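**Q** quick one: sequence plus predicted model below, questions after.
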Amino acid sequence: MSEKNFNSFLKPNPRASIPPVCYKCGKEVRNNNFDTKNEFTKCMSSPPWNSGWEGKCEHCGYDYNIHYSQIVSASDFSLIKRETSVAISQMKHMDSLDTFVILSGVEMEITETHQFNSDTPTAINRKIFISTNELKYLIAALKNSPILAQYDWDVDCT
């Protein structure tokens with residue numbers, strides 16, 4: 001576990017209680033008296049600033065959750081659409097009989113909808129949790145990567 005991104009009630013990280021600054025309004029994304037809104041409030045715990053945060057700046061309302069939609073294919077007889085959302089999330093792991101580790105990160109949800117002719121659309125939905133440390137690794141690994149320079153293409157098999 002990275003010391004930088006970990007806060008323990010045994011050894012609190014002083015930076016863990018300080019919310020980052022909103023890049024829209026310039027104020028901290030949470031008020032100083034934020035409610036941690038978690039099920040462990042009666043336990044020995046030192047929740048960080050992001051415990052219970054829903055991804056919106058409490059001052060200006062800017063939403064840091066991400067929503068993206070793309071039409072994969074649209075023709076006279078079919079529509080294929082993908083919608084992606086990335087929302088602030090947490091995942092708890094029980095690591096002994098009475099202790100938990102709470103991973104902070106995001107939940108990514110991808111819904112792919114297929115509609116052929118006038119049929120009822122069929123949706124396939126997938127969700128996955130990605131921890132903050134995993135996100136940081138992926139972002140660093142993908143920076144300037146040829147993976148991000150790939151192209152989609154179509155094929156006609158007539």
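**A** Structure received.
**Q** C-alpha from now on. contacts and neighbour counts both.
**A** Noted.
**Q** for the residue nearest the centre of the chain, list the residues it contacts.
**A** Of all residues in the chain, the one closest to the mean position by C-alpha atoms, centre = their mean is Val106, 2.2 Å from it. Counting by C-alpha atoms under 8 Å, 6 or more residues apart in numbering, Val106 makes contact with 86-90, 129-132.
**Q** report the buried members of these.
**A** Buried by 16 or more other C-alpha atoms under 10 Å: 86-90, 129-132, out of the contacts of Val106.
**Q** looking at the contacts of Val106, which is nearest Cys57?
**A** The shortest gap between Cys57 and any of these belongs to Ile88, at 12.3 Å (C-alpha to C-alpha).
**Q** follow-up on the earlier one: what about the contacts of Val106, which are in helices?
**A** Counting by DSSP state H, the contacts of Val106 place Thr132 in helices.
**Q** domain ranges for this structure, per the record?
**A** 1-63, 65-148 (automatic domain parsing).
**Q** so which of the contacts of Val106 are in strands?
**A** Those of the contacts of Val106 mapping onto strands are 86-90, 129-131, per DSSP state E.
**Q** with pLDDT and distance to Asn65 as extra columns, can I get the residues you listed in a markdown table?
**A** Formatted as a markdown table, the ones in strands among the contacts of Val106 follow (pLDDT from 0 to 100; distance: C-alpha to C-alpha, whole Å):
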| residue | pLDDT | distance to Asn65 |
| --- | --- | --- |
| Val86 | 97 | 6 |
| Ala87 | 96 | 5 |
| Ile88 | 95 | 6 |
| Ser89 | 94 | 10 |
| Gln90 | 90 | 14 |
| Phe129 | 97 | 14 |
| Ile130 | 95 | 14 |
| Ser131 | 94 | 15 |
